[in-house]
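S.K.: sequence-free structure coming up:
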């Protein structure tokens, strides 16, 4: 048949092979643990249920695709999913070209401020950007990348010490020690000299 005849053409890309029932069961079990943990963390970061669900779903799809490729996860799957979600969230905010600011002018007489008295109600975008700015301030206060990463993965993403240790390739004892120092530095009570001495 010639072109334009409406004939279907075949693609050189083979259809995805069907997963075994055993692998499907494994993926389902992993995602039952990963999805709610990740969704809680992303929702806390974004204050936006729809965006949080989108990012969580994308991270879960990335997990499924890795299994389809035959990847054998040496680290906990939640670690891989968290890294994917973390990168997607950073990308989302980097693409965001605008941010909303609280109005500085006075409202007409008799019109109350919405939300908290004395301050306009923050929308999802403003609240999440404020949280991102807070994380940047914590990063600056800690001043060291690995301890900050440990602090963020613990307090923002909810990973355990063992999961973080697997991700960073260090011992759980090192994670615990760095987390303690990072917390002190974040609170402004950590001696910077301790880091230099190591």
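M.R.: Everything's here; your move. Just so we're clear, the structure is a prediction, and the values are computed from it rather than from any experiment.
S.K.: residue 49 against residue 40, yeah?
M.R.: No - with contact defined as C-beta atoms under 8 Å, residue 49 does not count as touching residue 40 (11.3 Å). Yep, even glycine has a C-beta here, placed from its N, CA and C like the rest.
S.K.: so where is the chain shaky, pLDDT-wise?
M.R.: 1-17, 96-128, 189-198 (pLDDT under 70).
S.K.: could you pull out the helices for it?
M.R.: 21-46, 49-68, 77-95, 124-142, 145-155, 161-168, 172-186, 193-197 (DSSP state H).
S.K.: possible to save the ones you listed as a markdown table with mean neighbour count?
M.R.: A markdown table is the format used below for these (neighbours: other C-beta atoms under 10 Å):
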| stretch | mean neighbour count |
| --- | --- |
| helix 21-46 | 16 |
| helix 49-68 | 17 |
| helix 77-95 | 18 |
| helix 124-142 | 16 |
| helix 145-155 | 20 |
| helix 161-168 | 19 |
| helix 172-186 | 18 |
| helix 193-197 | 10 |
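S.K.: residues making contact with stretch 140-156?
M.R.: 41, 44-45, 82, 135, 138-139, 159, 161, 163-164, 167-168, 170, 175, 178-179, 181-183, 185-186, 188, 192, 195 (C-beta atoms under 8 Å, 6 or more residues apart in numbering).
S.K.: go again using 7 Å as the cut-off
M.R.: Stretch 140-156 is contacted from outside by 41, 45, 82, 135, 138-139, 159, 164, 168, 175, 178-179, 181-183, 185-186, 188, 195, using C-beta atoms under 7 Å, 6 or more residues apart in numbering.
S.K.: same thing with stretch 159-166?
M.R.: Residues contacting stretch 159-166 (C-beta under 7 Å, 6+ apart): 75-76, 78-79, 82, 150, 153-154, 171-172, 175-176.
S.K.: make a markdown table out of these and add distance to residue 66.
M.R.: Formatted as a markdown table, the contacts of stretch 159-166 follow (distance: C-beta to C-beta, whole Å):
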| residue | distance to residue 66 |
| --- | --- |
| 75 | 12 |
| 76 | 13 |
| 78 | 13 |
| 79 | 12 |
| 82 | 14 |
| 150 | 24 |
| 153 | 20 |
| 154 | 24 |
| 171 | 26 |
| 172 | 25 |
| 175 | 24 |
| 176 | 29 |
